[in-house]
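**Student:** with the sequence up front, the predicted model follows.
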Amino acid sequence: MELYVETEGTKISKLGEMIEIQNSEGVRKVSINKITTIMLSNGVSITTDVIRMALEKDVDIIFLDYLEKPIGRVWNNKFGSSAKIRISQIEFFNNKKGKMASQKWILNKLVMQKKHIDKLLSRRKKIDEFEDVLERYDKIMKELEEKELNCVIDSNFFLLREAHATRIYYKILAEFIPKEYKFEKRTHKDSKDEFNNMLNYCFGILYSKIEKSLIIAGLDPFIGGIHSTFYNNKSLVYDFIENFRFLATEAVFSCFTRKLINKSYFEILDDKFLLSKEGKKFISKIFNEKMQQKVNYKNKNVSYESLIQWKAYDLAKEVTYIWFIGLFMILKTIETEQ
């Protein structure tokens, strides 16, 4: 389970194999063996004994800002990339194979978006009404597929076309949101509407899961391919998450179309429109249920959460393969010179 602690003034301490959570609402005790992740919001204190126990049990500790975006984490030092993998990761994303992989992830995102809107419009018998925008979306996908087929590296083109296609996607989704919750466009920071606010929160959870999976696989989250590698930007997380954004979007969208949303899920705090504690609890449960849904992977039924980890391992294998090829070529050169 994920332990989310947001009440300001909460103190988290160790009591044997139990974690004791104490605040104005009372005292709660949870076994460390039942926890996979501890997520801490502003104004929460945690003892070093709890941190040490979490490290021993491979429990991730994540610190969140007021927008619930991960700003730091504590993990066991057995995780994390070795120098060998880090060097090969740089080489991988600097060559054509790595850049093509990054572009493929963006194309995967657009494919999943298209499947979602095709299913939605077919079920509602609204395909004819959106014929023009669907043609524009299909044109973008065809352009990107042609570049992929011809192994053309053009990161800026992919990012620009992806942004255009995603605007179309959310424009269609907005048409099926109940009127009282309808949004104009996709917004990322300081969102003023319910849909974007809830979606941003889910993306924050997904972002954290992606980063953790990459680290466990031995990859450096800062070394990616298509997204900018500015200082302190976790480029690989932004690249890799494209494969799985549909999980958050579909989970949130279904809550609105099924009319499960309550006004009490939102609040205004310091002039900012935010999810309330009740809202966070609600959507966290919905999203975690989505993450536990099964999907076929290499002839096995695995959860989406497990799939993310397996895909991270697959990437690590591909990255280290580049390193072994490089080592083989070096040894071959030395042998020839001798």
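**Tutor:** Yep, that arrived.

**Student:** let me see the domain layout of the protein.
**Tutor:** Domain ranges of the chain: 2-74, 96-322, per automatic domain parsing.

**Student:** which one of those domains has the lowest average pLDDT?
**Tutor:** Lowest mean pLDDT of the domains of the chain: domain 2-74, a mean of 88.

**Student:** that one: end-to-end distance?
**Tutor:** The first residue of domain 2-74 is 15 Å away from its last residue (CA to CA, to the nearest Å).

**Student:** likewise for stretch 259-278?
**Tutor:** 16 Å.

**Student:** circling back: adding distance to Ile85 and mean neighbour count, write the domains of the chain out as JSON lines.
**Tutor:** For glycine as for every other residue, the C-beta is placed from the backbone atoms N, C-alpha and C. Below are the domains of the chain laid out as JSON lines (distance: least, CB to CB, whole Å; neighbours: other CB atoms under 10 Å):
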{"stretch": "domain 2-74", "distance to Ile85": "19", "mean neighbour count": "16"}
{"stretch": "domain 96-322", "distance to Ile85": "5", "mean neighbour count": "17"}
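
**Student:** which of those domains sits closest to Arg86?
**Tutor:** Nearest to Arg86, of all the domains of the chain, is domain 96-322, at 5.2 Å by CB to CB.

**Student:** where does His227 sit: helix, strand or coil?
**Tutor:** Three-state call for His227 (DSSP: H, G, I helix; E, B strand; the rest coil): coil.

**Student:** wait, it sits on Phe240?
**Tutor:** No - with contact defined as CB atoms under 8 Å, His227 does not count as touching Phe240 (9.7 Å).

**Student:** residues in contact with Thr320?
**Tutor:** Going by CB atoms under 8 Å, 6 or more residues apart in numbering, Thr320 touches 84-85, 88.

**Student:** of all these, which comes closest to Glu148?
**Tutor:** Ser88 (23.4 Å).

**Student:** tabulate the CA atom coordinates of the host helix or strand of the closest one in CSV.
**Tutor:** Assessed by DSSP states H and E, Ser88 sits inside helix 83-94. C-alpha atoms of helix 83-94 as CSV (Å, rounded to 0.1, in the frame of the first residue of the first chain):
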residue,chain,number,x,y,z
ALA,A,83,29.1,3.8,-13.6
LYS,A,84,29.0,1.2,-16.4
ILE,A,85,25.2,1.6,-17.0
ARG,A,86,25.4,5.4,-16.7
ILE,A,87,28.1,5.7,-19.4
SER,A,88,26.3,3.3,-21.7
GLN,A,89,23.1,5.2,-21.1
ILE,A,90,24.7,8.4,-22.3
GLU,A,91,26.0,6.6,-25.4
PHE,A,92,22.6,5.0,-26.0
PHE,A,93,20.7,8.3,-26.0
ASN,A,94,23.4,10.1,-28.0
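
**Student:** which helix or strand lies directly C-terminal to that helix?
**Tutor:** Going down the chain from helix 83-94, the next helix or strand is helix 96-124, by DSSP H and E.

**Student:** now the angle from that next one to helix 83-94?
**Tutor:** Angle, helix 96-124 to helix 83-94, by axes from the mean of the first three to the mean of the last three CA atoms, to 10 degrees: 70 degrees.

**Student:** what is helix 96-124 packed up against?
**Tutor:** Applying 3 or more CB pairs under 8 Å, 6 or more residues apart in numbering; DSSP states H and E, we find helix 96-124 packed against helix 83-94, helix 131-149, helix 155-174, helix 235-240, helix 245-257, helix 304-337.
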